[in-house]
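J.: Got a predicted structure here, sequence first:
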Amino acid sequence: MTITATSFNYVRELVHRRSAIYLEAGKEYLVESRLQPIVQASGEGTLDRLVSRLRSAPEGSLHAQVVEAMTTNETSWFRDRHPYEALESVILPDLLSCRARERRLTVWSAATASGQEAYSIAMVLHERLLDADPSWDVRVLASDLSEEMVRRTRAARYSQLEVNRGLPAARLVRHFSRAGTTWQVNEPLRRLVEVRQLNLAAPFPPLPPIDVTFLRNVLIYFKADSRRQILQRVRRVLRPGGYLVLGAAETTLDVDAFERVPHDKAAVYRLRGGQGPA
């Protein structure tokens, strides 16, 4: 199934308008593979006929399906490992000291996809903090652009294939229960995670003050201007001394509110003192 240049340009413009994500020339194969299920479900038969239908109708649910299909990314448990090591060894010890008086901590998984990142963070917080001191008020905010991904994160149920991707056996046994042919995240972990639909490319809705934002492997899909705007919005919701964790290939560009925190292989930044909400 192939797509014409005209149809590809329409999809590219639609995705950019809705999400600010930019599909470069040469990504036709990605559009073809991700939209094929929608073509089949719609009964249109070809990608070009699907695009013709999109062009002829006001933007609605079918347009939203296309955008979500193009903005849903791969994920796995404890992906790349190093950011979670940084959370345990660098970020948490500092924040536990800084926030000791109020005993409140919020970590944001800002593009959580189907939830593996958010629940990986929750496992670290549960094991490294709440097991020792349950008096802390700990929350993981999980958000994604895709309504389907939000539903999946909220359901917190994963297939055997999904749990095989990066989830250590000891953590599977401790934090999950069998649910037929799937695995359900246990209630103590689910209680820590609040799930919302959120478009990073648009002005943020009201958010709680954030101590750590995981914004990994997201900025690479945006143009430079959009990256700066997203980073500025993230800066405004971070508490003083809060942390930002990016993907290995990402930086904070010229947003000088952040300073790099030394760590072997994780891209960790700290909000410079005195900035952000109290």
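T.: Thanks, I have it.
J.: Read off the pLDDT value for residue 26.
T.: Predicted confidence (pLDDT) for residue 26: 81.
J.: Which parts of the stretch 51-200 of the chain are strands?
T.: 104-109, 137-144, 157-159, 176-179, 182-185, 193-197 (DSSP state E, counting those that start in this stretch).
J.: Just want the angle from the first one to strand 137-144.
T.: Same thing as strand 104-109. 20 degrees (axes from the mean of the first three to the mean of the last three C-alpha atoms, to 10 degrees).
J.: Name whatever forms a beta bridge with the residue nearest to residue 158 when sequence neighbours are not counted.
T.: In space, and not counting its chain neighbours, residue 158 is closest to residue 183: 5.2 Å by C-beta to C-beta, 6 or more residues apart in numbering. For every residue, glycine as well, the C-beta is placed using N, CA and C. Assessed by DSSP bridges, residue 183 has beta-bridge partners residue 158, residue 178.
J.: so what's residue 183 scoring on pLDDT?
T.: Residue 183 is given a pLDDT of 97.
J.: which stretches of the stretch 51-200 of the chain form helices?
T.: 61-71, 82-86, 92-98, 116-125, 147-155, 160-163, 169-175, 187-190 (DSSP state H, counting those that start in this stretch).
J.: Quick check on the residue most central in space within the chain: phi, psi?
T.: Nearest to the geometric centre of the chain sits residue 111, at 1.4 Å (C-alpha atoms, centre = their mean). Phi and psi for residue 111, reported as degrees, to the nearest 10, are phi -150, psi 70.
J.: now residue 165
T.: Torsion angles, degrees, to the nearest 10, at residue 165: phi -90, psi 80.
J.: How about residue 245?
T.: Dihedral angles (degrees, to the nearest 10) for residue 245: phi -110, psi 120.
J.: For residue 262, see how far away it is.
T.: 14 Å (C-beta to C-beta, to the nearest Å).
J.: Between the two, point out the one with more neighbours.
T.: Neighbour totals were compared for residue 245 and residue 262, and residue 245 leads with 26 against 7 (other C-beta atoms under 10 Å).
J.: burial measure for the residue nearest to residue 158, as a count.
T.: There are 20 residues near residue 183, going by other C-beta under 10 Å.
J.: residues touching it, list them.
T.: Neighbouring residues of residue 183 by C-beta atoms under 8 Å, 6 or more residues apart in numbering: 157-160, 163, 172, 176-177.
J.: swap the cut-off to 10 Å and go again
T.: By C-beta atoms under 10 Å, 6 or more residues apart in numbering, the contact list for residue 183 reads 156-160, 162-163, 167, 172, 175-177.
J.: follow-up on the earlier one: would JSON lines of the strands of the stretch 51-200 of the chain with distance to residue 10 be doable?
T.: Shown next, in JSON lines, are these (distance: least, C-beta to C-beta, whole Å):
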{"stretch": "strand 104-109", "distance to residue 10": "32"}
{"stretch": "strand 137-144", "distance to residue 10": "24"}
{"stretch": "strand 157-159", "distance to residue 10": "34"}
{"stretch": "strand 176-179", "distance to residue 10": "41"}
{"stretch": "strand 182-185", "distance to residue 10": "37"}
{"stretch": "strand 193-197", "distance to residue 10": "25"}
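J.: For residue 82, which of those is the nearest?
T.: Of all those, strand 104-109 sits nearest to residue 82, with 16.2 Å by C-beta to C-beta.
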